[in-house]
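*Asks:* got a sequence here, can you build the structure:
(chains A and B)
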Amino acid sequence: MTIRTRFAPSPTGYLHVGGARTALFSWLYARQHGGTFILRIEDTDLERSTAESVDAILQGMTWLGLEYDEGPFFQTQRFPRYQEVIRQMLKDGQAYHCYCSKERLEILRTEQMARKEKPRYNGKCRQGVANPPAGVMPVVRFKNPHDGVVVVEDIIRGRVVFQNSELDDLIIARGDGSPTYNFTVVVDDMDMNISHVIRGDDHLNNTPRQMNMLKALGFTPPVYAHVPMILGPDGARLSKRHGAVSVMQYRDDGYLPEALLNYLVRLGWSHGDQEIFSIDEMIKLFDVTQVHSSAAAFNPEKLLWLNQHYIKDGDPKHVAHHLSHHLGKLGIDPSQGPDLIEVVKAQRERAKTLAEMAINSAFFYRNFDSYDAKDAATHLKPEVEKPLTQLRESLAALPRWEAPTIHDAVSGVAEAQGLKLGKIAQPLRVAVAGRAISPPIDVTLTLLGRDKTLERLDAALEHIRIQPVTA
RNA sequence: GCUCCCAUCGUCUAGUGGCCUAGGACGCUGGCCUCUCACGCCGGUAACAGGGGUUCGAAUCCCCUUGGGAGCGCCA
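*Replies:* Numbers count the residues shown, from 1 in each chain, chains lettered A, B, ... in the order given. Predicted structure coming up:
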């Protein structure tokens, strides 16, 4: 059997982490079986769908690396096909026109709720309407069976049984003739030969209706896998008020796509005690049937930890590639300064995000505007003028500008002055980096280069001389 | 309200009847390392929602309660 999975977002917003997770699961499933992954844009809601959202979703998929083999297909371009199926169903008596007004339906719903019943269409027009009211564009409803049950053999939920008596005749075409969601899904899954539908469990209740329509059309339903939703850290359904839910927001905040993917794959699924999964490992080890049936809460701290891990252990070249995007946002051109890959190697252990790393690395590429006030007050004091002056001479005289010789020079001056290394390294650090945070001082100076180092040392000495002696 | 789904540390999870005085990870926290910030290393904190069964034996199976979630649209 050929495996064909699909991701079918509606373009009414950005790609959010919940969607990204179901997309990942579908993609993984297709990849591990040598199958096909299809992207389908469900834009039948003309009111809410936007081209910007389509772009945002495509962009998110690309950034995550979830490449699709077919698509993107747009449902709005398949209207003729839906009309064709609707006509056929009407003709075969599997669907019928309904002239009930929205108002009447609303009253019906209210009455049913008052009677503590599940609100549903009562089938008024099901047997045909003798005198269709003039000027009313009827909707088309699917004739759902009255009796029997629909059994969903969900590969992550297990067997779920629905009574047909609980289901009503859903609308498959609006008054204006446009098809509705539950219907287009059925036609598309059928036409696209989808073998496995992996989607959010908010669709579990739609499944029996879809299966009934598939059956009416003579098509064997695909295998279903309903993955639980993602909850916010507070246990409520994940939403915008929980902060970042957009995939692209994570890019902008300095996350690596592999970190997000790794975080998402471990949400509701595990492989023993393993926490770190490369894409290849995910493809090899992921098992949809083992996905938890309970909802999982999104934990930003753990994502951050994973991001740090990938920054720290990832290929420096790869990290540098993504870092340059963030340096660019700071107005920095990484080609004007030390080799970015070397900067990454120096900084990788001290940043949880690329945005943070960019800020921490800015001083390599441009002069800082001012010293961190607290760090300057602590370290750029009159008593370091002498050691720093001596250090300046020592550094200026070095035959070669490389880490070991720089280190020897710094510790040599410290020793000569009877100071611990930190007593000289810290002022030096503030002098060149603007604050008391940087990679090891010898590495920092090596990357910064001799000219800038001496230049900034001179500026620091000047700063020490002109500051008021009251301190 | 009705239907469906779910329930192990704060969070993600291991666990599929004895290996569990419940393991790992994030977080938090004590210590070590140290030129800063970090990384790393060692240690600590903390859970089977409650009640009934089944069984020689239950976190694991069944039922009930409670608590969460989803659906019930001419939205997807």
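*Asks:* assign the closest residue to A:Met137 other than its chain neighbours to helix, strand or coil.
*Replies:* Leaving out its chain neighbours, the residue that sits closest to A:Met137 by CB to CB, 6 or more residues apart in numbering is A:Gly175, at 4.0 Å. Bear in mind the C-beta positions are built from the backbone N, C-alpha and C, glycine included. At A:Gly175 the chain is in coil, as set by DSSP: H, G, I helix; E, B strand; the rest coil.
*Asks:* residue contacts, A:Gly175?
*Replies:* Going by CB atoms under 8 Å, 6 or more residues apart in numbering, A:Gly175 touches A:136-139.
*Asks:* could I have the ChimeraX command that selects the buried members from those residues?
*Replies:* Buried subset of the contacts of A:Gly175, written as a ChimeraX selection, criterion 16 or more other CB atoms under 10 Å:
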select /A:138,139
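*Asks:* what are the phi and psi angles of the spatially most central residue of chain A?
*Replies:* In chain A, the residue lying closest to the centroid (CA atoms, centre = their mean) is A:Val247, at 2.9 Å. Main-chain dihedrals, A:Val247, degrees, to the nearest 10: phi -60, psi -40.
*Asks:* likewise A:Leu398?
*Replies:* phi -60, psi 130.
*Asks:* how about the nearest residue to it, chain neighbours excluded?
*Replies:* In space, A:Leu398 is closest to A:Thr405, 5.3 Å off (CB to CB, 6+ apart).
*Asks:* what's the answer for A:Gly128, then?
*Replies:* Leaving out its chain neighbours, A:Gly128 is closest to A:Tyr96 (CB to CB, 6+ apart), at 7.0 Å.
*Asks:* what residues does the one you found make contact with?
*Replies:* In this structure, A:Tyr96 makes contact with A:90, A:125-126, A:128, A:140-141, A:143, A:169, judged by CB under 8 Å, 6+ apart.
*Asks:* list buried residues within these.
*Replies:* Buried among those (16+ other CB under 10 Å): A:125, A:140-141, A:143, A:169.
*Asks:* could you dump those residues into JSON lines with pLDDT added?
*Replies:* Converted to JSON lines, the buried ones among the contacts of A:Tyr96 look like this (pLDDT from 0 to 100):
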{"residue": "A:Cys125", "pLDDT": "88"}
{"residue": "A:Val140", "pLDDT": "96"}
{"residue": "A:Arg141", "pLDDT": "96"}
{"residue": "A:Lys143", "pLDDT": "95"}
{"residue": "A:Asp169", "pLDDT": "95"}
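*Asks:* can you list the residues you listed in TSV and add secondary structure?
*Replies:* As requested, the buried ones among the contacts of A:Tyr96 are exported to TSV (three-state DSSP):
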residue	secondary structure
A:Cys125	coil
A:Val140	strand
A:Arg141	strand
A:Lys143	coil
A:Asp169	coil
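*Asks:* still on that earlier bit, closest to A:Tyr68 out of the contacts of A:Gly175?
*Replies:* A:Val139 (33.0 Å; CB to CB).
*Asks:* A:Ala173 is in contact with the closest one, correct?
*Replies:* Yes. With contact defined as CB atoms under 8 Å, A:Val139 and A:Ala173 form a contacting pair (6.2 Å).
*Asks:* hang on, isn't A:Gly148 packed against A:Asn164?
*Replies:* Yes. Look at A:Gly148 against A:Asn164 with CB under 8 Å: they come within range, at 5.1 Å.
*Asks:* distance from the centroid: which residue in chain A tops it?
*Replies:* A:Ala416 (54.4 Å).
*Asks:* so that one sits right up against A:Gln390, yeah?
*Replies:* Yes. Counting by CB under 8 Å, A:Ala416 does reach A:Gln390; the two are 7.1 Å apart.
*Asks:* sketch out the low-pLDDT regions of the stretch 351-471 of chain A for me.
*Replies:* For the stretch 351-471 of chain A, the stretches with pLDDT under 70 are A:468-471.
*Asks:* typo on my end, it should be chain A
*Replies:* Using pLDDT under 70, the flagged stretches of chain A are A:239-241, A:243-244, A:468-471.
*Asks:* that one: strands as residue ranges?
*Replies:* A:4-7, A:36-41, A:70-74, A:95-98, A:139-142, A:149-154, A:158-163, A:171-173, A:196-200, A:223-227, A:230-231, A:296-297 (DSSP state E).
*Asks:* of the contacts of A:Gly175, which is the nearest to RNA strand B?
*Replies:* Nearest to RNA strand B, judged by CB to the nearest atom of the strand, of the contacts of A:Gly175 is A:Val139 at 4.7 Å.
*Asks:* show me what the closest one bridges to in the sheet.
*Replies:* A:Cys98 (DSSP bridges).
*Asks:* for it, give me its contacts.
*Replies:* A:Val139 touches A:97-98, A:171, A:173-175, counting by CB under 8 Å, 6+ apart.
*Asks:* only the buried subset of those residues, as a ChimeraX command please.
*Replies:* Remark: buried members of the contacts of A:Val139, expressed as a ChimeraX selection using 16+ other CB under 10 Å:
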select /A:97,98,171,173
